[in-house]
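> structure for the following, please:
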Amino acid sequence: MTTTTLAILVPLLPFLGAAAGLLLGRRSPGLVRPLAVLPTLTALVLAALVAVRQGGDRAVDAATELTPTGSVPIELALHIDGFAALVAVLVGVVASCVQIYSTGYLREDPRYPSYAALVSLFTSAMLLVVYSGDLMVLLVGWEIMGICSYFLVGHYWETPEARAASLKAFLVTKLGDVPFLIGLFALAVDAGSFRITTILAAVDDGGLDHPTLIALLLLAGVAGKSAQFPLHTWLPDAMAGPTPVSALIHAATMVAAGVYFVARLLPVFAASAAALVVLAVMAAVTMAGSALAALAQDDIKRVLAYSTIGQLGYMTGALAAGDRGAAVFHLLSHGAFKALLFLAAGVIIHAAGTNSLAAMSRMGGLRDRIPDAYWTMTVALLALAAIPPFSGFFSKEAVLGAAEHTATGHAASAPASAGWIVLVAGLLTALLTAAYATRLWLLAFHGKGTEAPDHGKQPVAMTAVLWVLAVPSLVFGLTVGVLPDWFDGHSLTPTLTTSVLGTGLALVGGVVTYGAWRHTTALAARVPMGAVAVNPEGDGGQVEAEAIASHAPVYGDIASAHDPADPGRLLLGPLHRHAAGGFRLDAVYTALFVRPVQAAARLVRFLDREVVETYVRGAGTAPRWLGAAVRRAQTGNVQTYLSALLAGTVVLAVAAVLVATAGA
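Numbering: from 1, shown residues only. Prediction:
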């Protein structure tokens with residue numbers, strides 16, 4: 001079987017599994033789990049075979065024209081280079097783990113058949129994006145992922161949070177997709193084709209007439225899909241969906257699509273220095289802002305959501321520095337440990353039998369009850385904090401090394417200013433990432449919150465997947481010497497300067513957070529029962545309690561002395577309440593966009609009801625009145641008709657005489 005045939009089957013099998021699951025799921029419940037797991041696993045095996053055959057060598061290209069479309073043809077095309085081959089394997093691994101994990105996590109869910117089918121369709125759409133060699137075909141997968149995320153985030157549609165989150169995810173990403181679509185058409189017009197290889201050849205020949213405009217339009221769609229500032233606000237709210245869906249979205253699909261798209265078409269963006277600087281600023285704000293927000297969250301899934309936003313910022317930062325190898329390396333590494341983090345969080349939630357335990361302030365006694373989640377999440381958090389020798393260290397240092405390389409003027413494809421912006425923000429984010437990772441570990445497993453009831457041993461399908469994902473989280477970084485052959489040939493080996501700075505700042509962040517936790521824990525233990533009160537103004541100011549008046553800074557707006565000591569409050573100080581609310585960006589968007597649109601809608605409704613409908617009613621009233629007057633004359637009395645005829649004749653005769661007299 002040829003490589004092209006294998007590649008076609010990779011996205012096709014999950015699609016067929018989704019279709020079969022939707023058709024047969026309710027009629028044959030016993031087939032639901034095999035139809036969910038087997039096609040995805042088979043697609044993973046085939047994707048691995050494609051990767052082995054491709055081997056990082058010359059890209060595999062194949063195309064057939066779908067239908068004549070005029071001057072710009074649309075082709076069903078494949079373009080599989082080293083990037084595509086490895087990303088497809090990542091998608092297959094994470095999707096397979098999610099499907100296996102879900103068989104235990106959602107085993108009692110009555111809507112599991114539709115859920116499993118949508119996950120398969122989601123997987124198929126992402127694989128289509130990865131392998132596609134034509135931008136219009138890529139757009140199909142891009143939009144299918146959007147509608148799948150809407151349904152999956154809103155899986156628990158009985159709750160208002162899930163309904164609101166699914167709508168928000170759909171609308172915010174569509175807000176970016178509108179300029180993205182315009183950018184695709186503009187790019188195709190300039191290059192004369194939607195085919196990726198043709199577009200890249202046109203860029204090399206200087207064939208783009210509007211590179212900056214095209215790049216900025218495309219970046220809008222990337223910001224929405226990959227949850228980058230300012231269109232990132234949908235991702236934390238998307239935690240209302242099932243935890244395995246969060247793992248899939250955050251690790252291998254949806255948000256990864258935007259980063260992969262830029263990596264695929266990086267020469268288009270590199271054709272405009274202004275676009276790379278905009279990308280660098282977007283990445284820097286995303287990295288630092290999301291890390292601060294993560295340090296202030298109480299919900300464990302929201303911490304991980306903001307963490308994903310920040311790590312995607314690292315990837316876009318590497319792209320802004322002109323190094324797509326470092327970006328995709330971090331994409332692959334992050335996919336493994338972030339999927340592990342979410343699935344381990346799912347085990348924590350499942351152990352309590354309620355989603356409410358996602359609040360870290362309520363966790364307690366979990367380390368010994370769920371050792372699989374404890375140890376594997378520890379591995380994933382060390383990878384997230386970029387502590388050597390875990391995989392996150394190598395991939396994050398590749399990003400920082402690329403930024404340093406660009407900042408010092410050694411990268412001709414990107415401006416030095418972009419490199420400095422990414423480097424400074426990346427180092428700051430390394431400090432903050434280690435801080436919130438340490439805080440999550442301490443509060444989740446070593447906190448003194450309310451202990452949840454023990455719901456027994458977790459299903460093997462869930463715990464086994466954690467150990468599978470722990471392996472790449474631990475050792476994937478060791479491939480740093482091999483991956484350049486699959487990418488652009490640029491070295492991904494950590495440099496001494498950024499390694500010392502990045503690791504040093506990460507250690508400082510972890511140690512300081514641990515010290516703050518010890519201090520606040522000791523302080524909370526000395527607070528008498530009931531001495532802590534919420535500030536009545538609700539503004540997050542200092543707690544007015546005599547028992548802790550001498551121990552500034554105090555906790556802000558914590559609810560009671562039973563709450564665990566949160567080092568995030570101590571570290572962030574007055575910034576905490578702003579960071580906890582995502583810096584009120586939703587309120588800003590509400591003021592700038594939602595309220596004006598609602599006001600315009602109310603004006604249109606008023607004009608429609610009070611003006612347009614008035615004219616419509618008036619247009620109907622006049623004939624009705626005329627009809628009523630004419631109806632009164634239709635009495636059915638012959639004498640009346642004859643009298644009216646005679647009267648009319650007399651009137652006409654008199655009028656004729658008057659006219660004749662006037663003419664004489």
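> now the strands for the stretch 151-300 of the chain?
Applying DSSP state E, counting those that start in this stretch to the stretch 151-300 of the chain gives no strands.
> point out where it drops to low pLDDT.
Along the stretch 151-300 of the chain, the model assigns pLDDT under 70 to no residue.
> try it again with 90
For the stretch 151-300 of the chain, applying pLDDT under 90 flags the ranges 206-208, 240-241, 252-253, 298.
> how about Pro14: what's its closest non-neighbour residue?
Ser124 (4.0 Å; CB to CB, 6 or more residues apart in numbering). For the C-beta atoms, the positions are set from N, CA and C on the backbone; glycine is no exception.
> any idea which element the one you found lies in?
In this assignment (DSSP states H and E), Ser124 forms part of helix 112-131.
> the residue nearest to Pro14 is in contact with Leu12, isn't it?
Yes. Counting by CB atoms under 8 Å, Ser124 does reach Leu12; the two are 7.4 Å apart.
> coming back round to it: what mean pLDDT does the helix holding Ser124 get?
Here helix 112-131 scores 96 as its mean pLDDT.
> ok so, going back, neighbours of the residue nearest to Pro14, just the number please.
29 (other CB atoms under 10 Å).
> quick one: contacts for Phe15?
Ser120, Leu121, Ser124 (CB atoms under 8 Å, 6 or more residues apart in numbering).
> quick check: which element contains it?
Phe15 is located in helix 3-24, with elements delineated by DSSP H and E.
> show me the helices in the stretch 101-250 of the chain, by range?
112-131, 135-153, 160-191, 196-204, 211-225, 234-237, 243-251 (DSSP state H, counting those that start in this stretch).
> of those helices, flag the one that's most buried.
helix 243-251 (a mean of 29; mean count of other CB atoms under 10 Å).
> from the chain's centre, how far out does that helix sit?
Remark: helix 243-251 is offset 10 Å from the chain centroid, using CA atoms, centre = their mean, to the nearest Å.
> what residues does the lowest-mean-pLDDT helix or strand in the chain touch?
Least confident helix or strand of the chain, by mean pLDDT, DSSP states H and E, is helix 613-633 with a mean of 79. The contact list for helix 613-633 (CB under 8 Å, 6+ apart) reads Ala644.
> can you give the distance of that helix from its chain's centre?
57 Å.
> right, and the helix or strand after it?
For helix 613-633, the succeeding helix or strand toward the C-terminus, using DSSP H and E, is helix 638-663.
> that following helix vs helix 613-633, what angle?
Interaxial angle of helix 638-663 relative to helix 613-633 (axes from the mean of the first three to the mean of the last three CA atoms, to 10 degrees): 100 degrees.
> can you list the buried residues in helix 638-663?
Of all the residues in helix 638-663, not one is buried under the rule 16 or more other CB atoms under 10 Å.
> which helices and strands sit right next to that helix?
If contacts are counted by 3 or more CB pairs under 8 Å, 6 or more residues apart in numbering; DSSP states H and E, helix 638-663 sits against no helix or strand.
> Thr308 contacts Ala227, doesn't it?
Yes. Applying CB under 8 Å as the test, Thr308 and Ala227 come out as touching, 7.2 Å apart.
> list residues touching both of those two?
Counting by CB under 8 Å, 6+ apart, the contacts common to Thr308 and Ala227 are Leu235, Val255.
> which of these two has more neighbours?
Ranked by neighbour count (other CB under 10 Å), Thr308 and Ala227 place Ala227 first, with 31 against 27.
> quick one on the thing from earlier: could you export the least confident helix or strand of the chain as PDB, CA atoms only?
Extracted as PDB, the C-alpha positions of helix 613-633 are listed here (Å, rounded to 0.1, in the frame of the first residue of the first chain):
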ATOM      1  CA  GLU A 613     -45.000  48.100  11.000                       C
ATOM      2  CA  THR A 614     -46.800  51.400  11.300                       C
ATOM      3  CA  TYR A 615     -46.500  52.000   7.600                       C
ATOM      4  CA  VAL A 616     -47.500  48.400   6.900                       C
ATOM      5  CA  ARG A 617     -50.500  48.700   9.100                       C
ATOM      6  CA  GLY A 618     -51.300  52.100   7.400                       C
ATOM      7  CA  ALA A 619     -51.000  50.600   4.000                       C
ATOM      8  CA  GLY A 620     -53.500  48.000   5.000                       C
ATOM      9  CA  THR A 621     -55.900  50.400   6.800                       C
ATOM     10  CA  ALA A 622     -56.600  52.700   3.800                       C
ATOM     11  CA  PRO A 623     -57.900  50.000   1.500                       C
ATOM     12  CA  ARG A 624     -59.900  48.500   4.400                       C
ATOM     13  CA  TRP A 625     -61.600  51.800   5.100                       C
ATOM     14  CA  LEU A 626     -62.300  52.300   1.300                       C
ATOM     15  CA  GLY A 627     -63.700  48.800   1.200                       C
ATOM     16  CA  ALA A 628     -65.900  49.500   4.200                       C
ATOM     17  CA  ALA A 629     -67.300  52.600   2.400                       C
ATOM     18  CA  VAL A 630     -67.900  50.800  -0.800                       C
ATOM     19  CA  ARG A 631     -69.500  47.900   1.100                       C
ATOM     20  CA  ARG A 632     -72.000  50.300   2.600                       C
ATOM     21  CA  ALA A 633     -73.200  51.300  -0.900                       C
END
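> which residues touch the residue nearest to Pro14?
Pro11, Leu12, Leu13, Pro14, Phe15, Ala18, Gly141, Ile144.
> the last one and Leu121 touch, don't they?
It stands for Ile144. Yes. Using CB under 8 Å, Ile144 makes contact with Leu121 at a distance of 6.7 Å.
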